[in-house]
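Chemist: 3D, please:
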Amino acid sequence: MPSEQTCDYKIVLWRLAQDANGYPPASVEGLWAQRTASGYRVDSTPFYAYGIAPGDLISTTQDGEQVWFQALQRSGGASVFRVRVKHAADVEPVRAALEEFGCPCHAEPAVRMLAVEVPPAQPLGTLLYYLLTQREAGTLDFEEGVLRHAIPEEFR
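Modeler: Modelled structure (predicted):
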């Protein structure tokens, strides 16, 4: 990630709606984004914010030094999955498998969670097969943060 001193990168903040159980565990998530001529391009994979992915072009508002997400201007085409691994010992092997499929991951080992980016050109079939079989095996659970890839026919 860029250092906070890099002038064309900022941390953009997203307001998060917490459910009755206090999930997600915070009311705000910050993601790195790069300033462009028409807004900011998201450069981080969200752990909790929905509807946003790396490469998306967004508009923002500024409140003092804080930059807040306002709206999605244009999708970059990536999808985001959140994977919750059941056992801490499985976090690294699951992360390695997902990255082998061409999906960059960021881990939060304390909560056994992975934020997974599926780049626009990356096929979804192998990743979905892996996630579904590992969920069935009891290794993990997952959800879509934003799904922009077509679901292959065999998974419908």
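Chemist: For the closest residue to residue 104 other than its chain neighbours, give me the pLDDT.
Modeler: Nearest residue to residue 104 in three dimensions, chain neighbours excluded: residue 117, at 4.9 Å (Cβ to Cβ, 6 or more residues apart in numbering). Using the backbone N, CA and C atoms, a C-beta is placed for each residue, glycine as well. On pLDDT, residue 117 comes in at 98.
Chemist: Residue 117 sits in which helix or strand?
Modeler: In the assignment (DSSP states H and E), residue 117 maps to strand 113-118.
Chemist: Quick one: the helices in the protein, in order.
Modeler: With DSSP state H, the ranges of helices along the chain come out as 91-100, 125-136.
Chemist: What is the shortest one packed up against?
Modeler: The reference is to helix 91-100. strand 79-85, strand 105-108, strand 113-118, helix 125-136 (3 or more Cβ pairs under 8 Å, 6 or more residues apart in numbering; DSSP states H and E).
Chemist: correct me, but residue 115 touches residue 105?
Modeler: Yes: Residue 115 lies in contact with residue 105 (Cβ atoms under 8 Å); the separation is 6.7 Å.
Chemist: Now list whatever residues contact both of these two.
Modeler: residue 45 (Cβ atoms under 8 Å, 6 or more residues apart in numbering).
Chemist: Relative to residue 150, how far out is residue 115?
Modeler: In this view, residue 115 and residue 150 are 22 Å apart by Cβ to Cβ, to the nearest Å.
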